[in-house]
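K.L.:
Below: sequence and its predicted model.
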Amino acid sequence: MKRDRTLLVLISALVVLLAIGPILPQWAVSFVSVVLYLGIVVLGMALLMRTGLVSFGQGLYYCLGAYAAGATPELIELVDGFARGLSQPHWAPVRLVLNAFTGALKLVQTPFGPSDLLTMVMAGALLAVVVAAVLGLLLARYRGIFFAMLSLAFSMILYGLLVRTSELGSTDGFGLSVKSFAGIALSTHWARDAIYAFSAVTAFACAIALHRYLNSYRGRLASAIRDNELRVEYMGASVRSLIHLNYVISAALAGIGGALMAATIGHVDPETTANWTTSGDFVFITILSGTGNVAAPFLGAGIFEAVRTFALEYVPNTWQMTLGITMLLVIMFLPDGLWSMFVRRRRSA
Amino acid sequence: MTAVLEARDLNKSFGAVTAAAQINVQIEQDSVVGLIGSNGAGKTTFINLVTGYLTPTSGRVLYLGREITGLNPRRITQLGICRSFQIPQLFNSLSVSENLAVGVGIAARSTRRDASDGGQPAQVEQLIERFNLRGYAGQLAGQLPEGVRKLLDIAMAVAGRPKVLLLDEPTSGVSAEEKFRLMDMVMGALTAEGVTVLFVEHDMEIVGRYTHRVLAFYEGRIIADGDPATVLNDGEVRRYVIGMQNQHKEAAGAAH
């Protein structure tokens, strides 16, 4: 059997990250944490792009993940209150769904409590998956610019809602802190290390899971759908349900990334999560990375963060221009993304 | 014996245009049927009606005695009616064997026949062998010559393990010298699979050589139905379908 190089690369990366964690200076720990949670979101973007779709609203799920991480109890209260408002009998099915949803959130939060890192990430993923499962019913019917704009529209609706929700801090958002991991209480100092290590492990797990998915029957169908939907239908597979599935997976990844962001930064607000500029960053990193390999999003996120950090440091007034030039160079010289540098003469048969 | 495929009073109109009118036909198991007719006569419409791409205005389609009218192409494909396309519909960024693997994979999923049929890679290999695609297996479908694309398109339809296969102009875009080689290969592969075949064709030599039965279409109706020799010599068919070709021959004959 052929050895899986991607697996080896990812395992070595994880081992290195965990080993050097304790000796890294503070700024490097922050940098790597950012790269990890951005990379997880971009994994989902790459999956969508393989399916032939670009979402300009992935910030929606990033934001939901972040808010679920920081405000699960408030969220449960909001949704429960809303469900109670739907008292008429014909709303019973909707109420049932909402109750099932808050029930699941409560279940997630029960073992370790709301300020637990594990709870945060699970709640983030859960909220993203539920919302994506519903919105996917509509979005899976659209392609190209319509898909992109519709996903953008949904993220801006959430942005608008959050800005007006004073219970969740409105435009200021709110702060949060991680107090435990899987029930083990953490001091402020240890919390930082735990978040770093858990981010690394989660990123690794997400990358491996997506890698295996892409090599599975359904994963391979993604490229087939991008190439020719008509043929996929005429071979007997449902394009819409596969797009729906991939959309939900990408949302789950964005939710996990958002939750890790909230834990790492300790603060969430609508501007840096649901706003379209954040979704734009994800598109930027995805194009920068390329969809060739599950390691690519982390490489792309690393370059993106590095360019942004250094540009902000040295040319503070023109950092967007620096990013723009980077993008221009990548599109001109590496149209398949940074990852194409590592692919030599593939398919030269 | 019930027909494998049957159309009853099938009608389809697009506004004032009648694309299919009162089509009644029964296709027997294991037969090879040619569909002929000039452009716009309703051949492809017939295929689209049978495969569910179009819903008939009225009438029914039966497959093995079971009503399939109004089902979508995916469902009909899963039941065992597959088609190829006049313009090959391939996954251009995938290699030939990956294209076939997708087809074999979907078929295995949707029919759950996988366990009894041996491994999927073996089936892909078998298709590559049968359709003589060995030399192209690793190439991207988007970079293949047209004749090979046509072959791959048909091979992908066969990958669905069909009981009935509809080929829309299998030899269009294929050079004159290659046509017979292609048809020999396709028909050889299909006979081995035990498939009932319907194909649309403009080349009467091909129709005469490979079919057991010919349906001639004109303005949405079937104007002749029978064995190739009878249909190809039918007066109406010669006038409306083969028309120009024969006039040329007669003119050439008169000049001598």
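P.N.:
Done, it's in. Residues are numbered from 1 along each chain as shown, chains lettered A, B, ... in the order given.
K.L.:
Just the buried positions in stretch A:161-178, please.
P.N.:
A:162, A:163, A:168, A:169, A:173, A:174, A:176, A:178 (16 or more other C-beta atoms under 10 Å in any protein chain shown). Glycine gets a C-beta too; all of them are placed from N, C-alpha and C.
K.L.:
Most widely separated two among those?
P.N.:
Greatest spacing in these, by C-beta to C-beta: A:163 and A:178 (25.8 Å).
K.L.:
so where does residue A:119 fall, helix or strand?
P.N.:
Following DSSP states H and E, the helix or strand that holds residue A:119 is helix A:117-139.
K.L.:
Give the other helices and strands that that helix contacts.
P.N.:
Identification of packing neighbours for helix A:117-139 by 3 or more C-beta pairs under 8 Å, 6 or more residues apart in numbering or on different chains; DSSP states H and E yields helix A:59-85, helix A:92-109, helix A:144-163, strand A:180-181, helix A:188-214, helix A:239-265.
K.L.:
can I get those in a markdown table with distance to chain B and mean pLDDT?
P.N.:
Formatted as a markdown table, the helices and strands packed on helix A:117-139 follow (distance: least, C-beta to the nearest C-beta, whole Å; pLDDT from 0 to 100):
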| stretch | distance to chain B | mean pLDDT |
| --- | --- | --- |
| helix A:59-85 | 27 | 91 |
| helix A:92-109 | 27 | 88 |
| helix A:144-163 | 17 | 94 |
| strand A:180-181 | 40 | 88 |
| helix A:188-214 | 13 | 93 |
| helix A:239-265 | 9 | 96 |
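K.L.:
now the helices for chain B?
P.N.:
Under the criterion DSSP state H, helices of chain B are mapped to B:43-50, B:73-79, B:96-111, B:120-130, B:146-159, B:176-193, B:204-210, B:228-232, B:235-237, B:244-255.
K.L.:
So for the shortest one, mean pLDDT?
P.N.:
Spelled out, that is helix B:235-237. In this model, helix B:235-237 carries a mean pLDDT of 82.
K.L.:
Excluding residues flanking it in the chain, which one is nearest residue A:172?
P.N.:
Nearest residue to residue A:172 in three dimensions, chain neighbours excluded: residue A:269, at 6.2 Å (C-beta to C-beta, 6 or more residues apart in numbering or on different chains).
K.L.:
okay, now the residue nearest to residue B:133 when sequence neighbours are not counted: neighbour count?
P.N.:
Nearest residue to residue B:133, sequence neighbours excluded (C-beta to C-beta, 6+ apart): residue B:96, at 5.5 Å. Here the count is done by other C-beta atoms under 10 Å in any protein chain shown, and residue B:96 has 30 residues near it.
K.L.:
okay but residue B:96 is in contact with residue B:137, surely?
P.N.:
Yes: Residue B:96 is within contact range of residue B:137, at 5.2 Å (criterion: C-beta atoms under 8 Å).
K.L.:
Residues that sit against both of the two, list them.
P.N.:
residue B:128 (C-beta atoms under 8 Å, 6 or more residues apart in numbering or on different chains).
K.L.:
The helices of chain B: which one's closest to residue A:94?
P.N.:
helix B:73-79 (30.4 Å).
K.L.:
Show the contacting residues for residue 79.
P.N.:
The chain I'm using is chain A. A:98, A:101, A:102, A:105.
K.L.:
Actually, chain B is the one I wanted.
P.N.:
If you count contacts by C-beta under 8 Å, 6+ apart, residue B:79 has them with B:63, B:66, B:68, B:71.
K.L.:
No further questions, thank you.
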